[in-house]
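Novice: Need the 3D shape of this:
(2 chains)
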Amino acid sequence: MEKNNLKGWLYLLPAIAFLGFFMVYPLIDVFIYSFEEGYNSASQTYYGVGLYNYSYVLRDPYFLQAVKNTLILVGITVPLSTGLALLISVGLSSIRTLRNAFQTIYFLPYVTNTLAVGLVFMILFKKTPYTDGLANLIIGWFGAEPIDFIDGPYWAKMFVLCFYTIWVVLPFKILILTSALASVNEIYYNAARVDGTPKHRIFTRITLPMISPTLFYLIVTGFIGAFKAYSDAVALFGTDLNAAEMNTIVGYVYDMLYGNSGGYPSYASAAAIILFMIVLTITCINLLVSKKHVHY
Amino acid sequence: MKIELKHLTKRFPNRSKNQPDVIAVNDFNLEIPSGKLIGLLGPSGCGKSTALNLLCGLLKPTEGQILFGEDDVTKLPAEKRGVGFVFQSYALYPHLTVQQNITFPLENLKGKDKLTREQMQKRAYEAAKLVQIEGLMDRKPSELSGGQQQRVAIARALVKMPRVLLLDEPLSNLDARLRLQTREEIRRIQKETKITTVFVTHDQEEAMSISDLIVVMKDGVIQQIGKPQEVYDRPLNLFVAKFLGTPPINVFSGRICAGKLFIGEDAVLDIDGAEDQEVWVGVRPEGFVLKEQSGPLHCTLSGVEVMGRDISVVASHPAMQGTTVRSIISAENMVELEDETTVRFAVKPSKVHVFSKKTELRIPFEAK
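Specialist: Down below sits the predicted model:
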């Protein structure tokens, strides 16, 4: 028994060493930095220890803007993208002809580069002195005034960011959900049909519970991914996100480290720890909710 | 309720092009009397499951009609036919408890049939009691044994009081002892509920033991319909004779010549009413009588298997189709066979079936 234990640990050693060195150690380090005031990574010095970093970050209007942006982004894109993906995958699995063609089309965004796509979105939505852009052309048909989605009002920019985020995360979710739907045994549908079950009830009482583990996985990873959003905003609005009021929490961390006003690893660490706590809380809530509604 | 199938045919397009369609069910004409238990029997791939799926509406027939009582249900989808179906793998919803599984069909009822929660639970309890699982209502299917799952599946099919109950190989996933017990259960439940029941099996013993009528199928065509004993005693063709009975019937090559039935060169019976021709002779294992000196059928002895109540004498004969002649002799009629190399049998005329070599159809005869 004792010997087996030793063997087991030995097998685990490479993974433990790797994870410990590159994940656990940095996490602890960041945690420590977040309490060290005015930490300087070059000279490895700091003035004192305390909660000052947190109180600074929590009072920084840029940080509060970033938290607000992130929460709006998460609150809109996670439910919408998961719902849309479910709708599309159910549609995909109920058609026969052209299914593969549609699957390919829906999967295309996944293999395209985010920054390139961001550029395309910018061209679609940007209003310049020469052109109003394609999006404005379309809303113009409905009699609306042209809006600058990239440099204009806050809600317009937020709309583009959410739209873009949903568009980028959709393919992966569709792929996962289509395969989950395909793995539900046909016999349950037959049984339900013989029992006279209407279509919408088959969906809510059989299909949804059967794919609930996959759905749950997508929601959890969706939340985490959306909380860590940064590159999408950069792709659309450029690197000075604070000026554009479109910064995210991760963006704020980056700016605190390397941005124009950067060079404050202590503040960055505090912001990162706050993000970590938010994600941890949300994930725990997800897990608790899933215990009731997910059937394995 | 009576079920009538008229010229029912189901063709599936062949996977490889330019090949003819696969005919799974070919021109079925069958009348199932109300309140009876019917066994659809045939080897794998003979179209019996297809026939059942046509009955419940999961498949649409290519041609023909299905009548439930006076109603033509041919065009009705499965959800409107009001049939109960027990699937081979039970198809219990894994995320629902036994209780929820059984009430599931009731929750689909609409309009004036709609039930309150209490009524549903009462009905579910009654159905569960009928199959004796009322103590397991809060379990999930994965926490049940195969036999228990099977009962839940039957309860779920019965709870909506279907006009017709269909069972697709209901016993194939159970072990031998449970199978015996469950088939009696099915018989009892069917008698209590008096629901017209059709069940599919490839196990002839299963079909014979509980059916009021059996329908023997081969390659999508009905071979014979009748009471189990009738079909066993008077098989219409060689296929039916071979398919029914364990151990299977012994088939010999033979001929009818001048009022005598020959197996190989041995004249075993004097018969009347059949023309001279080449025939297949089928002798049921229990149709052999062991005679030391006077038996007309000369076989080479290859072994004796003692099975307690009966003794099985295994032998061979030059005209035999297949490898061995297997006879079953009751223990009190047994003769010492030690050191014998040949064994001589007489045959019981009622256990001998003669089929034409050309058509494989039964040739009736009278023994003198």
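Novice: how deep is residue A:194 tucked in, by neighbour count?
Specialist: 29 (other CB atoms under 10 Å in any protein chain shown). In this view, the C-beta of every residue, glycine as well, is placed from N, C-alpha and C.
Novice: what's it in contact with, if anything?
Specialist: B:56-58, B:78-79, B:81, B:83-85 (CB atoms under 8 Å, 6 or more residues apart in numbering or on different chains).
Novice: Find the nearest non-adjacent residue to the closest residue to chain A within the stretch 251-368 of chain B, please.
Specialist: At 37.0 Å from chain A, residue B:360 is the closest residue in the stretch 251-368 of chain B, using CB to the nearest CB. Nearest residue to residue B:360, sequence neighbours excluded (CB to CB, 6 or more residues apart in numbering or on different chains): residue B:238, at 4.2 Å.
Novice: I'd say the one you found and residue B:253 touch.
Specialist: No. Using CB atoms under 8 Å, residue B:238 is not in contact with residue B:253, being 11.8 Å away.
Novice: Could you check which of those two is surrounded by more residues?
Specialist: residue B:238 (23 against 17).
Novice: Provide the backbone phi and psi angles at that one.
Specialist: With angles defined as degrees, to the nearest 10, residue B:238 sits at phi -60, psi -40.
Novice: For chain B, what's its nearest residue on the stretch 1-150 of chain A.
Specialist: Closest point on the stretch 1-150 of chain A to chain B, by CB to the nearest CB, is residue A:96, at 14.4 Å.
Novice: For the residue of the stretch 101-250 of chain B found nearest chain A, grab the count of nearby residues.
Specialist: Closest residue of the stretch 101-250 of chain B to chain A, CB to the nearest CB: residue B:105 (3.9 Å). By other CB under 10 Å, 27 other residues sit near residue B:105.
Novice: Please apply the same query to residue A:22.
Specialist: Neighbour count for residue A:22, taken as other CB under 10 Å: 10.
Novice: picking up where we left off before, so what touches the helix or strand containing the residue of the stretch 101-250 of chain B closest to chain A?
Specialist: Using DSSP states H and E, residue B:105 falls within helix B:98-107. In this structure, residues lying in contact with helix B:98-107 by CB under 8 Å, 6+ apart are A:192, A:195-197, A:201, A:205, B:92-93, B:96, B:115, B:120-121, B:123-124, B:127-128, B:133, B:136-141, B:144, B:152, B:155-156, B:159-160.
Novice: what about stretch B:8-16, average pLDDT?
Specialist: Averaging pLDDT along stretch B:8-16 gives 86.
Novice: Run the contact check for it versus chain A.
Specialist: No. Interface with chain A: stretch B:8-16 contributes nothing (CB under 8 Å from any CB of the partner chain), its closest point being 14.4 Å away.
Novice: Show me what counts as buried in that stretch.
Specialist: Neighbour-count burial for stretch B:8-16 flags B:8-11 (criterion: 16 or more other CB atoms under 10 Å in any protein chain shown).
Novice: Now, those that are in helices?
Specialist: Using DSSP state H, no member of those falls within helices.
Novice: any idea which of the residues you listed is closest to chain A?
Specialist: Of all the buried residues of stretch B:8-16, chain A sits closest to residue B:10, with 16.3 Å by CB to the nearest CB.
Novice: so who does the closest one touch?
Specialist: Residue B:10 touches B:23-25, B:47, B:50-51, B:54, B:59, B:61-62, B:220, counting by CB under 8 Å, 6+ apart.
Novice: I'd like these laid out as TSV, including secondary structure, pLDDT and neighbour count.
Specialist: Formatted as TSV, the contacts of residue B:10 follow (DSSP: H, G, I helix; E, B strand; the rest coil; pLDDT from 0 to 100; neighbours: other CB atoms under 10 Å in any protein chain shown):
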residue	secondary structure	pLDDT	neighbour count
B:23	strand	87	17
B:24	strand	89	22
B:25	strand	89	29
B:47	coil	87	23
B:50	helix	91	22
B:51	helix	91	27
B:54	helix	92	24
B:59	coil	90	18
B:61	coil	92	23
B:62	coil	92	15
B:220	coil	89	22
